[in-house]
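# Just the structure for this:
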Amino acid sequence: MIQESKTIEEKFGVLDSVPVGACLLRDDFVVLFWNVCLEDWTKIPRDQILGTNIKTHFPHLSQLKYATRFEQIFAGGPPTIFSSQIHKHLIPATWQDGQQRIQQTTVTAVPALPPGVAELDVIGLVRSTVELEPEGIAPPAEAVGSPAPSKSGSSIWPYDFLGSNCQSFYALLVIQDVTDLTHRIQAYRTMRDQALEEVQVRQRVEEELRESQHFIQQIADAAPYLLYIYDLTEQRNVYVNGQAFKLLGYHPQEILQMQTALFSSLVYPEDLEKVAAHLQKFPQAQDGSIVELEYRLKHRSGEWRWFRCRDQVFARKASGEPEQIFGTAQDITEYKRAEEALRQQNERELLMATITQHIRQSLDLSEVLSTTVNEVRQFLQADRVMIVRFHPCSGNLCAAPTGSVTVESVAPNCKPMLGETLDNFSFDEFYIEAYQHRAIRPVADVSAADLPPYQIDWLAQFAVKAYLVVPLVQGEELWGLLMAHQSRPRQWMQLEVELLSNLAAQLAIAIKQAELYQQLQAANLKLERLATLDALTQLANRRRFDQYLDIEWRRQAREQTPLSLILCDIDSFKSYNDTYGHPGGDECLRQVASAIGRSVDRPADLVARYGGEEFAVILPNTEIQGAVRVAEHIQLKISALQLPHAGSQVSQYVTVSLGVASMVPAFESGASILIAAADRALYEAKRLGRDRIQVYQVDPASPKTNGTATPARREEFSRPNTNFPSPTSV
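Numbering: from 1, shown residues only. Reported below is the predicted structural model:
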């Protein structure tokens, strides 16, 4: 048994270097060989399983469907394939994530060496591999256990060189992990005719197996990756499997004929340096250690494809120096493309989020549009980015839509288009398409595009050689267009088109929000005006008067500047209402209010209806002399109205009495003292005969008491109106 194990290890030890599972069973199902790959897959060490019955580890092999086929193999029958479509795993093994590996297993009869028989020629055995038939079916001309045909026959028997002396056989299980392949087939099952695909896969596998000339080559060609042996001394490949043609378009012999020019002919120039560094690692590499590298190889078609290689020392010189390396190279081009697509998607999403954030930071429509064109032009590195706003039209569709450039971001060397009307640029066909399908129209070269001559001439005026048009849709309405211009032909990238498509949707939302905000602001302004405006006179109402006086009181207190107030009262207004009726009284109030409003010029001055027939004028930063001049101006304006007042005791026309007060506000006092001073002045004007100006002002010499401002004192000033005769002045 020891000699047998040693012989088996010597003959089959080479299978430790291949990335497939290999197991050798005696006819009593005792495990004679268990390669490294199976150790890794099953986590069963070789020293624990060798010499034991495999059924103790995998009881399902005792089932009749397996026992019958193994019985044929131990009798020297033809090889059989346990397809992954029927037997997912002959020897169960799990991935690190816990899922079961899906396997394709080939079981082949291998002659056992009886005592006295010459040592088995493994190379001869490999070269005499039989042609495999579909799973579990022996060749038609033979039966299980039938004598081997002669070498002169057309069929091939693998053990002719042993003659008929061999009565005992081992079962060699070669297990290929097809989990990834199976999952890919399952993923595409909904898009393909599964039955046809399965037949084609089976036919391809069977054809590859029929064309194989020896057992190891058969395994190598079935693997979905490159297998190769590279000679470090000769600096060339000495073996490449048949996958070279599938993955690179070169037959294995063509690869071998490249000799030392292999790397310079196939490796991407920028990857040559890291390939050289990769090969420098092997003089220090230990047996069994795997060195990985990702690099690009040139396909015969000229396409560069990504590969991930896993190399290890395969043979050493007598001195122990590595001589050859054995490696596998897996095509990871699709993985790299997916990785790059994911990276671009992440960049696009990040850029999209950044631009959207900048756009959504403001609710001002002009700022939103300006930010959009600036951000988009920076992203596209375009010469001009602009937004065309369509003019409103009746109906769902405009027969000839027109618009103008509302906002643009333009390079210094480009002619501006801001305000340009696009009546001459036909949007008819694209307008309909954009309206219905929200299509994006990229034009890489204006001269090569199928555009009407007048469009080409119009674009030539602004040196536009390429453009990109993105519709901005609001619900069912085409709001406008986002356009990018380039002064040279340009192939627009899919990433750019997709980003602008997504951005258009976000921009449409931002535009809608900005428009709604504008409407809200207008509504709020209207409500505010209604809340602070006197409906009859259209002057500020008492509420607005109180708010503004309080604001100006605190501001003038900070700046220590004078604040003046004029209170006006229409003389004998009750008599006016009795004489002319309330409608006439309302008209009188409107005209007087208008005259008072025309009497002030500064934006900071406020004219308000104080109550009934009383009006007030707030004059910030105004001393008493300036306030008196304003009061005189008010008298002059009202006198010019010459509104008849038959019930007046002072004049045949409408007159007003005015009380004027002025002071420098203090924080510890309120504006009520200024109102009180102006009201007292108005009272004095009424008492002294009406139709006059009476002034009250703060007495600087008076001390402050109880936290109030300096009390007001009466000025020796009372000026009657002399613009026209009045009964009291005669």
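# Quick check: the gap between H251 and M258.
12 Å (Cβ to Cβ, to the nearest Å). Every C-beta, even on glycine, is put in place using the N, C-alpha and C of the backbone.
# scratch that, A646
122 Å.
# So for the two, which residue has more residues nearby?
Counted by other Cβ atoms under 10 Å, A646 and M258 do not tie: M258 has more neighbours, with 15 against 10.
# From what I see, that one and S265 are in contact.
Yes: the pair M258 / S265 is scored as a contact, 5.5 Å apart, by Cβ atoms under 8 Å.
# List of residues touching stretch 492-506?
Applying Cβ atoms under 8 Å, 6 or more residues apart in numbering, the contact partners of stretch 492-506 are 344, 348, 351-352, 355-356, 359-360, 372, 376, 379-380, 438, 440, 442, 444, 466, 468, 470-473, 482, 484.
# Out of those residues, name the ones that lie in strands.
Of the positions in those, P442, A466, L468, V470, P471, L472, V473, L482, A484 sit in strands, assigned by DSSP state E.
# List the contacts of the last one.
The neighbours of A484, taking Cβ under 8 Å, 6+ apart as the test, are V376, R377, L380, A382, R384, V385, Y467, L468, L500.
# and if we set it to 10 Å?
Applying Cβ atoms under 10 Å, 6 or more residues apart in numbering to A484 gives the contacts 373, 376-377, 379-386, 409, 442, 464, 466-470, 490, 492, 496, 500.
# same question, the fourth one
If you count contacts by Cβ under 10 Å, 6+ apart, V470 has them with 376, 387, 434, 438-442, 480-484, 497, 499-501, 503-505, 507.
# Could you do P19 as well?
P19 sits next to 36-37, 40, 176-177, 219-220, 223, 225, 227, 310, 326, 328, 330 when contact means Cβ under 10 Å, 6+ apart.
# ok, those vs H633, which is closest?
For the contacts of P19, the residue nearest H633 by Cβ to Cβ is Q330; the value is 94.6 Å.
# all strands of the stretch 151-300 of the chain, in order?
Ranges of strands in the stretch 151-300 of the chain, per DSSP state E, counting those that start in this stretch, are 169-177, 226-231, 236-240, 291-298.
# Any idea which of these gets closest to I634?
Using Cβ to Cβ, the strands of the stretch 151-300 of the chain put strand 291-298 closest to I634, at 89.4 Å.
# Would you show me how to pick out the buried ones of the contacts of stretch 492-506 in PyMOL?
Of these, the buried ones go into a single PyMOL selection, burial set by 16 or more other Cβ atoms under 10 Å:
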select buried, resi 351+352+355+356+359+360+372+376+379+380+438+440+442+466+468+470+471+472+473+482+484
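# could you list every residue that touches the nearest residue to K415 once chain neighbours are set aside?
Leaving aside its sequence neighbours, K415 sits nearest to F462 (Cβ to Cβ, 6 or more residues apart in numbering; 5.3 Å). When contacts are counted by Cβ under 10 Å, 6+ apart, F462 is found next to D383, R384, V410, C414, K415, P416, M417, E420, H485, S487.
# same deal with V656?
Counted by Cβ under 10 Å, 6+ apart, V656 has contacts 568-571, 573, 592, 595-596, 613-615, 631, 634-635, 637-639, 682, 685, 690-693, 721.
# Does C588 lie in a helix or a strand, and which?
For C588, the element it lies in under DSSP states H and E is helix 573-597.
# Quick check: what element follows that helix along the chain?
strand 606-611.
# now that next one: how far from the chain's centre is it?
How far strand 606-611 lies from its chain's middle: 57 Å, per Cα atoms, centre = their mean, to the nearest Å.
# which stretches of the stretch 601-730 of the chain form strands?
Taking DSSP E, counting those that start in this stretch as the criterion, the stretch 601-730 of the chain carries its strands at 606-611, 614-620, 656-663, 692-698, 712-720.
# Helices of the stretch 451-600 of the chain, start to end?
Using DSSP state H, counting those that start in this stretch, the helices of the stretch 451-600 of the chain run over 453-461, 494-532, 542-559, 573-597.
# With mean neighbour count, distance to V238 and mean pLDDT as added columns, please give those in JSON lines.
Converted to JSON lines, those look like this (neighbours: other Cβ atoms under 10 Å; distance: least, Cβ to Cβ, whole Å; pLDDT from 0 to 100):
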{"stretch": "helix 453-461", "mean neighbour count": "13", "distance to V238": "62", "mean pLDDT": "81"}
{"stretch": "helix 494-532", "mean neighbour count": "15", "distance to V238": "44", "mean pLDDT": "79"}
{"stretch": "helix 542-559", "mean neighbour count": "17", "distance to V238": "94", "mean pLDDT": "94"}
{"stretch": "helix 573-597", "mean neighbour count": "17", "distance to V238": "104", "mean pLDDT": "94"}
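# got those as JSON lines, with distance to L674 columns?
Converted to JSON lines, those look like this (distance: least, Cβ to Cβ, whole Å):
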{"stretch": "helix 453-461", "distance to L674": "65"}
{"stretch": "helix 494-532", "distance to L674": "20"}
{"stretch": "helix 542-559", "distance to L674": "7"}
{"stretch": "helix 573-597", "distance to L674": "19"}
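# Out of those, which is closest to E321?
Across these, the minimum distance to E321, taken as Cβ to Cβ, is reached by helix 494-532, at 50.2 Å.
# from the chain's centre, how far out does stretch 512-528 sit?
With Cα atoms, centre = their mean, you get 31 Å for stretch 512-528.
# let me fix that: stretch 237-245
That offset, for stretch 237-245, works out to 43 Å (Cα atoms, centre = their mean).
# Would you mind listing the buried residues in it?
For stretch 237-245, a neighbour-count test (16+ other Cβ under 10 Å) marks N237, Y239, V240, N241, G242, Q243, A244, F245 as buried.
# how close does the fifth one get to P19?
So that's G242. Taking Cβ to Cβ, one finds G242 at 16 Å from P19.
# What of the fourth one?
Counting by Cβ to Cβ, the gap between N241 and P19 amounts to 12 Å.
# Next, the angle strand 169-177 makes with the strand or helix carrying K11.
In this assignment (DSSP H and E), K11 forms part of helix 2-12. Going by axes from the mean of the first three to the mean of the last three Cα atoms, to 10 degrees, helix 2-12 is angled at 40 degrees with respect to strand 169-177.
# what's the next secondary structure element after helix 2-12?
strand 21-25.
# circling back to that earlier point, now, which of the contacts of P19 sits nearest K281?
Proximity to K281 was ranked across the contacts of P19 by Cβ to Cβ; first place goes to R310, at 12.8 Å.
# For that closest one, which residues are in contact?
Counted by Cβ under 10 Å, 6+ apart, R310 has contacts P19, Y225, I290, V291, E292, L293, F326, G327, T328, A329, Q330.
# circling back: tell me which of the helices of the stretch 451-600 of the chain lies nearest to I91.
With Cβ to Cβ as the measure, helix 494-532 is the member of the helices of the stretch 451-600 of the chain nearest I91 (46.6 Å).
# Hmm, S669 is touching M663, no?
Yes: in terms of Cβ atoms under 10 Å, S669 counts as a neighbour of M663; the distance is 9.2 Å.
# And those two? Which one has more around it.
M663 (26 against 18).
# Bridge partners for that one, pull those for me.
Taking DSSP bridges as the rule, M663 bridges to L563.
# Is it correct that it is in contact with L619?
No: using Cβ under 10 Å, M663 is not in contact with L619, being 11.9 Å away.
# Show me whatever sits in contact with both of these two.
Shared contacts of M663 and L619, counting by Cβ under 10 Å, 6+ apart, come down to P562, L563, S564, L565.
# With pLDDT and neighbour count added, can I get those residues in JSON lines?
Shown next, in JSON lines, are the shared contacts of M663 and L619 (pLDDT from 0 to 100; neighbours: other Cβ atoms under 10 Å):
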{"residue": "P562", "pLDDT": "95", "neighbour count": "20"}
{"residue": "L563", "pLDDT": "96", "neighbour count": "25"}
{"residue": "S564", "pLDDT": "96", "neighbour count": "28"}
{"residue": "L565", "pLDDT": "96", "neighbour count": "26"}
